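# Predicted model and sequence below, questions to follow.
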Amino acid sequence: MRVKAYAIDLVLVVLAAAAVVFMGLTFFTRQDTPHPMSGASPTGDALLGKKEPTIQALAPHGSVAAVALADQPAYELAVVFRTDCPYCEQTADTWSSLAEGVRRQHGRIVAVTPNATGSAQAWLRRHSLRVDKLIVPVDANDLVTKWSVTSVPLTLVLDPSGAIRFTHYGVLRSQDAKAALEALVTPPPNS
């Protein structure tokens, strides 16, 4: 009888250990999963070649203005983040490195966030991510409905015409950043 009780205890301990291992593996394998902005699933390829419409956003002096991702004829790196997103935290260093490569190509850096301007600026400073433009939409739902942003972090490269040439949802790794830089130096289709 005692042997049977020990066998049951051993089985329970093994099952509990397996559950802990499974939960740990699930956590670590989900680190690249984008942080959702809505119930939609990320479809980055659907954005390629698209030009985003203007949205109402807060201007630096507090007024509201219509803004677009690409408002100057230059390549742009657009990073879409939330200050409470752990995956954005993981991507910040890669964005900073990528931003330097974009600047070497005479490109501009644009940050987009649904967070308040002050907290967004503090987040960018903390990660040494210097941007040329910060876009804070008046209505955060515009990111989903007008710009098709379904999750963060989102990395975009836009060509001088404003068309999206590169898109990546989730944690941006160095090999992904290389692909983004290639989008900067590869001529756009039909050019």
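Cool, got the structure. Numbering: from 1, shown residues only.

# From here on, just use CA atoms for contacts and neighbour counts.
Will do.

# residue ranges with poor pLDDT in the protein?
Within the chain, the segments meeting pLDDT under 70 span 1-47, 49-50, 52-53, 60-62, 187-191.

# and with 80 instead?
1-56, 58-73, 183-191 (pLDDT under 80).

# so residue 79, which of the three states?
Secondary structure state of residue 79, per DSSP: H, G, I helix; E, B strand; the rest coil, is strand.

# Give me the neighbour count for it.
Using other Cα atoms under 10 Å, residue 79 has 25 neighbouring residues.

# Beta-bridge partners for it, please?
residue 111, residue 155 (DSSP bridges).

# need the contact list for it.
Residues near residue 79 by Cα atoms under 8 Å, 6 or more residues apart in numbering: 95, 109, 110, 111, 112, 153, 154, 155, 156.

# Can you show me the strands along the protein?
35-36, 55-58, 64-67, 76-80, 108-112, 133-135, 151-152, 154-158, 164-169 (DSSP state E).

# Within its sheet, name the partner strands of the last one and how each one runs.
It stands for strand 164-169. strand 154-158 (antiparallel).

# Generate a markdown table for the strands of the chain, with distance to residue 177 as supplementary columns.
As requested, those are exported to a markdown table (distance: least, Cα to Cα, whole Å):
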| stretch | distance to residue 177 |
| --- | --- |
| strand 35-36 | 19 |
| strand 55-58 | 27 |
| strand 64-67 | 26 |
| strand 76-80 | 11 |
| strand 108-112 | 14 |
| strand 133-135 | 20 |
| strand 151-152 | 16 |
| strand 154-158 | 9 |
| strand 164-169 | 9 |
